[in-house]
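Trainee: Dropping a prediction and its sequence here:
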Amino acid sequence: MATLARQLRLRDYFALAFGTMVGVGWLVLMDDWLGRGGPLGAMLGFLLGGVLLLPVGYVYGEWVKRLPDAAGEAAYTAQVFPPIVSFFTGWMMLLAYFIVCPWEAVALGKLAAYVFPSLNSMELYRVAGQPVFLPRLALGIALTLFLAMLNYRGIRLSASFQNWTAATVLLVFVTLLWISGAHGKPANFEPRFRDAPLVSILLTLQIVPYFLTGFESVPKVAEESHTGFRSTEFFRAIVTALLVGAGFYVLAVAAVAYVAPWQGLLGKRFATAIAFEQALGARWPVSLILVMAMFGLFQCFNGNFVASTRMLFAFGRRRTIPARFSAVHQEFLTPSVAVLGIAVGTLGAQLLGDALLVPVTEVGSMASALGWFAACVSFWMVEKRAGMRTVTAVGILVALMLFLMKVLPVFPGHFSPAEWIAFGIWVLLGAALHCSSSLMGRLRSGGQTSSQVVTGGPNPSRQDP
């Protein structure tokens, strides 16, 4: 049986993880962030979230050294939990990656229509009162097909694309920080919080799982590392991406609130671009921001596409969904059927437009926290050293807190009925695929393909499933 190509190095893993985290949220949702916490509340929410997730990143770094399996959380939980728990843990994590793909495809049309308003024409239909326009839909379809082709033909092509887009985003971002520092003033930060400081921080902290989901994408392509790649570098890529990603969001909020009075940006589409246009009285900063946003959209779409396809491939290999998803292209050494599956799912989901995607992205935030929680609990159960267990226990508490903040009614911003419905639909889809696989004759109990974890310390040898 053909195996996946092994060509990824440290810079590729960083670009994948960073790109999976940072898309266009800093542009299209900045008004929401400021509305939740005010400038300081939003900054502290993202900063606190990044720091709190370091123990979770540590756990993933340890797991990937011991068990480099594309199934990620499904493989980790399979070591200590029944197969059905393992499958649905991984299935929820797959949602966190997959739903970003149609969201970014839809966001491309939004960005393009900001520059070319004529794209808001030729309405096809409406979903929950929101129009779906043909030109914007066509752009999303074209980008989806391009990324599908790129990933179908090889991980090296995909990784190179990711490296260039991530480098462009960071370069333009540094330029925007300089512009903000030169033209802004501290008085624009007032008032520093939207509500009471603690409430402002907590409201922002709720959305952190969704926007920082991506550092744990590294293990999903662990099997594709270059033969000379050291297993300790997985952790390095995870932590670096997590810190840079959290720092990016903190500085993005600071740059916008510093360059223009933030309360005047609430309720405005593309508040980031509006802030810089107001401060400089010119249109060129908007063009610069939109260029950065486009590259951010490309990297986020591609990063989540890669992670989604690898998880779907791994589920097929473990026979927890139909085995055809585990097919590897003989020439390109890519999970070709999984790539086509995610592409088709993305094309179908973007037909729903904005209205139905919003509640599903909220479910993605909860799904990320659930996956982090399961990975940490599993590691705590197999690890015997007290020091590592202590760090893991912190990760468990952090992930559990982030999960409960989305599902318990006592917290502001908890799940709405629409979000529970979206969650139920995704669970039913997973159950249908799982049952289909069983009916097709899955015989291996638990569907495990990886070796057992050696407890008490990392496995010194790389074991490819």
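Mentor: All right, it came through fine. Numbering: from 1, shown residues only.
Trainee: Ser225 and Gly341, how far apart?
Mentor: 24 Å (CB to CB, to the nearest Å). C-beta: built from backbone N, CA, C; applies to glycine.
Trainee: typed the wrong thing, it's Ile179
Mentor: 42 Å.
Trainee: In terms of neighbours, single out the busier of those two.
Mentor: Gly341 (21 against 17; other CB atoms under 10 Å).
Trainee: So that one is in contact with Leu312, correct?
Mentor: Yes - counting by CB atoms under 8 Å, Leu312 is a contact partner of Gly341 at 5.7 Å.
Trainee: where do the contact lists of the two overlap?
Mentor: Residues touching both Gly341 and Leu312 (CB atoms under 8 Å, 6 or more residues apart in numbering): Phe325.
Trainee: Let me know the outermost residue of the chain.
Mentor: Gly281 (34.6 Å; CA atoms, centre = their mean).
Trainee: Tell me who's in contact with that residue.
Mentor: Gly281 neighbours (CB under 8 Å, 6+ apart): none.
Trainee: Could you check how far the nearest residue to Pro186 once chain neighbours are set aside is from Leu47?
Mentor: Excluding the flanking residues, the one nearest Pro186 by CB to CB, 6 or more residues apart in numbering is Tyr258, at 7.3 Å. Distance of Tyr258 to Leu47, given as CB to CB: 16 Å.
Trainee: now Arg385
Mentor: 30 Å.
Trainee: One more: Tyr60?
Mentor: 20 Å.
Trainee: Equivalent analysis for Met401, please.
Mentor: Using CB to CB, we find Met401 at a distance of 16 Å from Leu47.
Trainee: Mind checking which of the two has more residues around it?
Mentor: Per other CB under 10 Å, whichever of Met401 and Leu47 has more neighbours is Leu47, with 18 against 14.
Trainee: Now do the same contact list for that one.
Mentor: 246, 250.
Trainee: Can you tell me the element it falls in?
Mentor: Counting by DSSP states H and E, the element that carries Leu47 is helix 30-52.
Trainee: for Ser180, same thing?
Mentor: In this structure, Ser180 sits in helix 155-183 according to DSSP H and E.
Trainee: buried set for that helix?
Mentor: By neighbour count with 16 or more other CB atoms under 10 Å, helix 155-183 contains the buried residues 155-156, 158-159, 161-163, 165-166, 168-170, 172-173, 176-177, 179-180.
Trainee: pLDDT averaged over it - what is it?
Mentor: The pLDDT scores in helix 155-183 average 93.
Trainee: which element follows it toward the C-terminus?
Mentor: helix 197-205.
Trainee: biggest helix in this structure by residues?
Mentor: helix 284-317 (DSSP state H).
Trainee: how much does it deviate in direction from helix 155-183?
Mentor: Put simply, helix 284-317 runs at 150 degrees to helix 155-183, going by axes from the mean of the first three to the mean of the last three CA atoms, to 10 degrees.
Trainee: How far does helix 284-317 sit from its chain's centre?
Mentor: Centroid separation for helix 284-317 versus its chain: 9 Å, with CA atoms, centre = their mean, to the nearest Å.
Trainee: give the contact list for Met92.
Mentor: Neighbours of Met92 in contact, by CB under 8 Å, 6+ apart: 367, 370-371, 426.
Trainee: cool, Ala113 as well?
Mentor: 119-120, 133, 136.
Trainee: ok, 10 Å please
Mentor: When contacts are counted by CB atoms under 10 Å, 6 or more residues apart in numbering, Ala113 touches 119-121, 133, 135-136, 139.
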